[in-house]
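J.: structure for the following, please:
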Amino acid sequence: MDSLQYVPQSSTAEIEFPVGLRVLVVDDDVTCLKIMEQMLRRCMYRVTTCSQATVALNLLREKRGCFDVVLSDVHMPDMDGFKLLELVGLEMDLPVISE
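T.: Numbers count the residues shown, from 1 in each chain. The predicted structure follows:
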């Protein structure tokens, strides 16, 4: 993550976003996934979406080191976001934000 550039955004808050942040978004609601993807791409993040937590966990295991952060819904049918957070925390050094 050290190679990320920071781009100032045009707002009064002077917020800077790291360009190229690799984000995995996990949510069973496809509409929410599309909205999150669009918002994150506007920040110049590299976004991967997944609609199943179990598939996301397998992706994280297979592509270790390919993501900087995971954004996850809490309520999903196959595995809740807290369980995903627990497993990611046990297996890899990766921040997870549950919404």
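J.: show me what counts as buried in the strand or helix carrying residue 88.
T.: Using DSSP states H and E, residue 88 sits in helix 81-91. Under the neighbour-count criterion of 16 or more other Cβ atoms under 10 Å, helix 81-91 has 81, 83-85, 87-88 buried. In this view, the C-beta of every residue, glycine as well, is placed from N, C-alpha and C.
J.: do the same with stretch 25-43
T.: Those buried within stretch 25-43 under the rule 16+ other Cβ under 10 Å are 25-27, 33, 36-37, 40.
J.: same check, this time on stretch 59-78
T.: 59-60, 67-68, 70-73, 76.
J.: any idea how far that stretch is from the middle of the chain?
T.: When distances are taken as Cα atoms, centre = their mean, to the nearest Å, stretch 59-78 is centred 7 Å away from the chain's centroid.
J.: end to end, how far does it reach?
T.: 15 Å (Cα to Cα, to the nearest Å).
J.: and the contacts of the helix ranked longest in the chain?
T.: In the chain, taking DSSP state H as the definition, the longest helix is helix 30-42. Contacts of helix 30-42 with the rest of the structure, by Cβ atoms under 8 Å, 6 or more residues apart in numbering, involve 23, 25, 27, 47, 49, 51, 71, 73.
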